[in-house]
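J.: Structure of the sequence below:
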Amino acid sequence: MQFRQQALAKLQSPEELDLPVRFARPQGWLVLSVTVVVLAAASVWAVTGSVTSTVDAPAVLTHGEGSYLLQSPAAGQVTAVLAKEGERLPADAPVLKVRTAERTTVVRTVAAGRITALAASIGQIISTGANVAAVEKVAGADDPLYATVYVPAETAASIPRDAAVDLTVQTVPSQRYGVLRGRVKSVDRTAQSAQQIAAFLGDSQLGEQFTEDGRPVAVLVRLEKSSATESGYRWSSAGGPPYGLASMTMATGSIRLADQHPVDWLLP
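T.: As a prediction, this is how the structure comes out:
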């Protein structure tokens, strides 16, 4: 009975139409304003902003023309080694002598360069076509170094010309001296086999190593020069390492790919 009387009394009272209605508290308006601002900023960034991505791949510091493997034209016994590792020789220079059953054959350089490795010694028996030396094609001591980065074939098309490249050099502590700076000079159009890589680097083991996960594409990187460093090249640190760089030094290259707009990958 008591509840019935309270209900009747409420029905008989006039409605409070003259009082303001509160739709939201001030804290709610603040949250709504912040949300609108964030959504607007995200929309502007999605249209005008860009996303930067990189590809990391193994690299080698070399001179621009690479190296080649010098092979013996005849089978026999090595009777003399006429060159030393590190020696710079002209084209058609004698490297070693091989005695066959008929005569003595002199193995000569195909092109001018520097002997980076000798794989033959006096008294060794070698076969026809055996690799006896690796020769780097370099004309002078001042020839600049380049970096050859072997990237997966599926990412090569997205690498723009003159893209920035950071090189972590194996012989340089990156925590102390930073990374080597470079720019993409050219990108090969076709993937390379282990034999092609070995022919360019003068090292068959590197050819096998770089093709373990498939045939890569070679990207030639021009190293940025600097007169303020001992190496003569620009580093992410102020001075870089207190020593020079040698060819055939292993590194890891991080190549900046073409920037993409966020809306391209946000939309399905």
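
J.: And Lys137, how far from Ala91?
T.: Relative to Ala91, Lys137 is positioned 10 Å away (criterion: Cβ to Cβ, to the nearest Å). The C-beta positions use only the backbone N, C-alpha and C, and glycine is treated the same way.

J.: which residues are common contacts for those two?
T.: With contacts taken as Cβ atoms under 8 Å, 6 or more residues apart in numbering, Lys137 and Ala91 have Ala111, Ala112 as neighbours in common.

J.: Show me which of the two is the more surrounded one.
T.: For the pair Lys137 and Ala91, the greater number of neighbours falls to Lys137 (19 against 10), based on other Cβ atoms under 10 Å.

J.: any low-confidence regions in the chain?
T.: Along the chain, the model assigns pLDDT under 70 to residues 1-32, 34, 36-52, 140-141, 258-268.

J.: who's in contact with the residue nearest in space to the middle of it?
T.: The central residue of the chain, meaning the one whose C-alpha is nearest the mean C-alpha position (Cα atoms, centre = their mean), is Gly253 at 2.4 Å. Shown here is Gly253, whose contacts under the criterion Cβ under 8 Å, 6+ apart are 56-59, 147, 149, 151, 165-167, 182, 219, 221.

J.: Of those, which is the most crowded?
T.: If you rank these by neighbour count (other Cβ under 10 Å), Ala59 sits at the top with 30 neighbours.

J.: Which of the contacts of Gly253 fall within strands?
T.: Secondary structure assignment by DSSP state E places 56-59, 147, 149, 151, 165-167, 182, 219, 221 of those in strands.

J.: Of these, just say which sits nearest to Ser231.
T.: Of all the ones in strands among the contacts of Gly253, the one with the least separation from Ser231 (Cβ to Cβ) is Leu167, at 11.8 Å.

J.: so that closest one bridges to which residues?
T.: Leu180, Gly253 (DSSP bridges).

J.: pretty sure it is touching Arg183, no?
T.: No - judged on Cβ atoms under 8 Å, Leu167 makes no contact with Arg183 at a distance of 11.1 Å.

J.: re the thing from before, distance to Val95 added to the contacts of Gly253, as a markdown table?
T.: As requested, these are exported to a markdown table (distance: Cβ to Cβ, whole Å):
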| residue | distance to Val95 |
| --- | --- |
| Asp56 | 38 |
| Ala57 | 33 |
| Pro58 | 29 |
| Ala59 | 29 |
| Ala147 | 28 |
| Val149 | 31 |
| Val151 | 34 |
| Val165 | 35 |
| Asp166 | 38 |
| Leu167 | 32 |
| Gly182 | 33 |
| Val219 | 32 |
| Val221 | 31 |
